[in-house]
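Asks: turn this into a structure:
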Amino acid sequence: MQKTTAISLLTALSLISCSTQNQNPLNQDLKLNIKTNPPTLDPRRTSDTSSLNVIRMCFDGLMRKDQTGKTSLGVARAVMISDDAKTYTFFLKNTQWNDGIQLSAHDFASAWKSILDPKFPSEFAFELFFIKGAKLAKENKIPLSEVGIRALSDDVLEVELEHPVPYFLDMLTTNTFYPTPSHIVDKDPTWAKKAGPSYVCNGPFQLKEWKHSDTIILTKNPYYYDQAKVKLNSIQMYMVEDESAEISMYDAGEIDWMGSPFSAISSDALPSLSQSKDYHHYSMSGTYYYIFNTKEYPFTNVHIRRAFCYAIHREDIVKNLLQGNQTPATGLIPPSMCDITPHFQDADIVLAQKEFAIGLKELGISKDKFPAIKLSYNTNSGHHKIAQAVQEQWSQVLGVNVYLENMEWKVFLDTIRTHTFQVARMGGIASFNDPITFLSAYQHETSSLNQCQWSDPEFSRLIELSENEKDKNKRMSYLLDAEKIFIDQMPIAPIYFYSGSYMQKPYLKKVNISDLSDIDFKYSYLESK
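Replies: Residues are numbered from 1 along each chain as shown. Below you'll find the predicted structure:
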């Protein structure tokens, strides 16, 4: 019998201020603006932040982030880890779905295996590939029954990994590893498109109402295992895209929170808003970048991609346009994760023009025959300003014509997924605090998150080496070497590292927000105004 290590649950009583106790419970109704309609509220299918922000309020995984941002036990009451760190056994708390039905280990197993079903559309299936047999099952090479995910009983889940994964417990706090109600999902595939009794969840809040493109209303989940610590009665989310209207709503007290991670505050408004006592900002483990479709001419050529990347003046964009404490990015991995060095010089006009000339020669065309380029982005004043600035920079430095394509969010996502673009804006925020979260999407060309359709055998080899390396320093070295290859091949053009800016009413207390842009209202409350 193998030796095991036990992680036991440590909890502490929450202290409630006198002002909270005097607050009328009927007034514990939070209001905010999420800007756009979530494309889906199925935790297995989503990849966009507008959906994720809602889903995180409605679900709890085996693990969850505590008030300090550390990974702690969620639905699991304990976890046993085998001596070789390849087998995890989770013992579940006695919890229910919000319809009163008992939540079981089978709900986790069926949710995870459904993501690995070859017929199931999930952009984050690759996040499960370190589970034994997961990748082979997704590729339809073995049956799902052979995957290392087993419900040993109603309250015991066993997970067998291909190799030790030091960040496995951190990953279990993310949406890909949430359970789904198998007693509902099996009968109604459209369950996550509805509000009310049809949307069954297990988190601090439940979905009461969803008026598409208008409002979402969450209410306190009476069946939540930790519901005594949840003070808010409801969270009302508006979907107002107009930035000036959002500011007016905040000024009028119609919303209690404005900005990150639900929306971006207009750069025009930031200078004045940043003087308010309500204003806050924080560094985020995320990168804003442009993706090149490497299967689409002329970005099939690496020198052309480099030329377009080097020609961007990032310092000018963050200082004069965004003004929100962002940092120019000359790499993919944000500095919040590890010590990094610049991979290239910002706004290197000489090198950009040199690479462009090499690219033109390899393509066999003259500069005047270079095709017009389409730059795509979703509706947002910040994206539009950046696109206009880059359009001008590319025109001045490279002499190319660039057309801007502004699309509604859902249309934009479809355009990215179907690879019907040349250059498009994109951004990535880490799911957990490890560089692999940025790099793993590009390990396989067929990955649904590899929107640039790029691949490199040496890059993939280094990622694989990192997955099997136990020494932390060697593992980090593999990852940083992989990033060097990635940036050298330039399937993306990094522009800046994210910083979140938001307005919070002073009477809204105990909101937890992390550098991963996770926001948690589990412990929040509204103090008497």
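Asks: report the contact partners of Ser234.
Replies: Residues near Ser234 by CB atoms under 8 Å, 6 or more residues apart in numbering: 28-30, 208, 217-220. C-beta: built from backbone N, CA, C; applies to glycine.
Asks: out of the residues you listed, which end up buried?
Replies: Buried members of those, scored by 16 or more other CB atoms under 10 Å, are 28, 30, 208, 217-220.
Asks: and the chain, what are its domains?
Replies: For the chain, automatic domain parsing gives the domain ranges 24-236+505-526, 284-500.
Asks: where in the protein is pLDDT low?
Replies: 1-26, 529 (pLDDT under 70).
Asks: what's the burial count for Tyr250?
Replies: 24 (other CB atoms under 10 Å).
Asks: SS state for it?
Replies: What DSSP: H, G, I helix; E, B strand; the rest coil gives for Tyr250 is helix.
Asks: the one 3 residues further on too?
Replies: Under three-state DSSP, the three-state class of Gly253 is coil.
Asks: now do Ile142
Replies: Under three-state DSSP, Ile142 comes out as coil.
Asks: tell me the contacts of it?
Replies: Contacts of Ile142 (CB under 8 Å, 6+ apart): 133, 136.
Asks: against Pro118, how distant is it?
Replies: 11 Å (CB to CB, to the nearest Å).
Asks: with Ile436 instead?
Replies: 24 Å.
Asks: who has more neighbours, the two?
Replies: Using other CB under 10 Å as the criterion, Ile436 and Pro118 rank with Ile436 on top: 26 against 11.
Asks: just the strands in the stretch 151-300 of the chain please.
Replies: 156-160, 205-211, 215-220, 234-238, 257-259, 279-292 (DSSP state E, counting those that start in this stretch).
Asks: so for Ser47, which of those sits nearest?
Replies: Judged by CB to CB, the one of the strands of the stretch 151-300 of the chain that comes nearest to Ser47 is strand 279-292, at 14.1 Å.
Asks: which other helices and strands contact the next helix or strand after the closest one?
Replies: Tracing the chain C-terminally past strand 279-292 and defining elements by DSSP states H and E, one meets helix 302-310 next. Where contact means 3 or more CB pairs under 8 Å, 6 or more residues apart in numbering; DSSP states H and E, helix 302-310 is packed against strand 279-292, helix 349-363, helix 381-398, strand 492-504.
Asks: tell me which of the buried ones among the contacts of Ser234 is nearest to Gly148?
Replies: Nearest to Gly148, judged by CB to CB, of the buried ones among the contacts of Ser234 is Leu218 at 34.5 Å.
Asks: find me whatever residue is spatially closest to that closest one, sequence neighbours aside.
Replies: In this structure, Leu218 finds its nearest non-sequential neighbour in Phe205, 4.0 Å apart by CB to CB, 6 or more residues apart in numbering.
Asks: cool, and Asp214?
Replies: Using CB to CB, 6+ apart, the closest residue to Asp214 is Met239 (6.0 Å).
Asks: any idea how far that neighbour lies from Trp210?
Replies: 10 Å.
Asks: kindly report the same for Asp154.
Replies: In terms of CB to CB, Asp154 sits 31 Å off from Trp210.
Asks: more crowded one of these two?
Replies: Between Asp154 and Trp210, Trp210 has the larger neighbour count (other CB under 10 Å), namely 20 against 14.
Asks: for Glu467, which residues are in contact?
Replies: Contacts of Glu467 (CB under 8 Å, 6+ apart): 130, 162-163, 165.
Asks: apply 7 Å and report the result again.
Replies: Residues in contact with Glu467 (CB atoms under 7 Å, 6 or more residues apart in numbering) are 130, 163.
Asks: ramachandran angles for it?
Replies: Note on Glu467: its backbone torsions stand at phi -70, psi -30 [degrees, to the nearest 10].
Asks: and Gln489, by the same measure?
Replies: phi -80, psi -20.
Asks: what is the neighbour count of it?
Replies: By other CB under 10 Å, 19 other residues sit near Gln489.
Asks: isn't His106 up against His183?
Replies: No. Assessed by CB atoms under 7 Å, His106 is found out of contact with His183, at 9.6 Å.
Asks: follow-up on the earlier one: out of the domains of the chain, which is closest to Ile247?
Replies: Closest among the domains of the chain, using CB to CB: domain 24-236+505-526, at 10.0 Å.
Asks: thinking again about what came up before, looking at the contacts of Ser234, which is nearest Glu392?
Replies: Nearest to Glu392, judged by CB to CB, of the contacts of Ser234 is Leu30 at 41.3 Å.
Asks: so how far is Gln504 from that closest one?
Replies: From Leu30 to Gln504 the distance is 11 Å (CB to CB).
Asks: once you drop chain neighbours, what's closest to the residue in the chain sticking out farthest from the centre?
Replies: Within the chain, the residue lying farthest from the chain centre (CA atoms, centre = their mean) is Ser366, at 41.1 Å. Among residues not flanking Ser366 along the chain, Leu360 sits closest, at 6.8 Å (CB to CB, 6+ apart).
Asks: swap in Gln453?
Replies: Nearest one to Gln453, counting by CB to CB, 6+ apart, is Lys295 at 4.7 Å.
Asks: for the spatially most central residue of the chain, which residues are in contact?
Replies: By CA atoms, centre = their mean, the mean C-alpha position of the chain lies nearest to Ile429, the distance being 4.9 Å. Ile429 is in contact with 284-286, 498, 516-517, counting by CB under 7 Å, 6+ apart.
Asks: who does it bridge with?
Replies: Gly286 (DSSP bridges).
Asks: please enumerate the strands of the stretch 401-529 of the chain.
Replies: 402-407, 423-429, 492-504, 508-509, 512-513, 519-520, 525-526.
Asks: now these as a markdown table including distance to Leu462?
Replies: Below are these laid out as a markdown table (distance: least, CB to CB, whole Å):
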| stretch | distance to Leu462 |
| --- | --- |
| strand 402-407 | 34 |
| strand 423-429 | 19 |
| strand 492-504 | 17 |
| strand 508-509 | 45 |
| strand 512-513 | 33 |
| strand 519-520 | 34 |
| strand 525-526 | 47 |
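Asks: tell me which of the ones you listed sits nearest to Ser274.
Replies: Closest among the strands of the stretch 401-529 of the chain, using CB to CB: strand 492-504, at 7.6 Å.
Asks: neighbouring strands - and their directions - for the closest one?
Replies: In its sheet, and by DSSP bridges, strand 492-504 pairs with strand 257-259 (antiparallel), strand 279-292 (antiparallel), strand 327-328 (antiparallel).
Asks: quick one on the thing from earlier: would you list the buried ones among the contacts of Ser234 in a markdown table and tack on distance to Thr89?
Replies: As requested, the buried ones among the contacts of Ser234 are exported to a markdown table (distance: CB to CB, whole Å):
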| residue | distance to Thr89 |
| --- | --- |
| Gln28 | 38 |
| Leu30 | 38 |
| Lys208 | 36 |
| Ile217 | 38 |
| Leu218 | 33 |
| Thr219 | 35 |
| Lys220 | 32 |
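Asks: name the nearest of the residues you listed relative to Phe521.
Replies: Distances from Phe521 to these, taken by CB to CB, are shortest for Leu30, at 6.6 Å.
Asks: list the contacts for the nearest residue to that closest one once chain neighbours are set aside?
Replies: Sequence neighbours aside, Ile235 is the residue nearest to Leu30 in space, at 4.7 Å (criterion: CB to CB, 6+ apart). By CB under 7 Å, 6+ apart, Ile235 lies in contact with 30, 57, 205, 218, 521.
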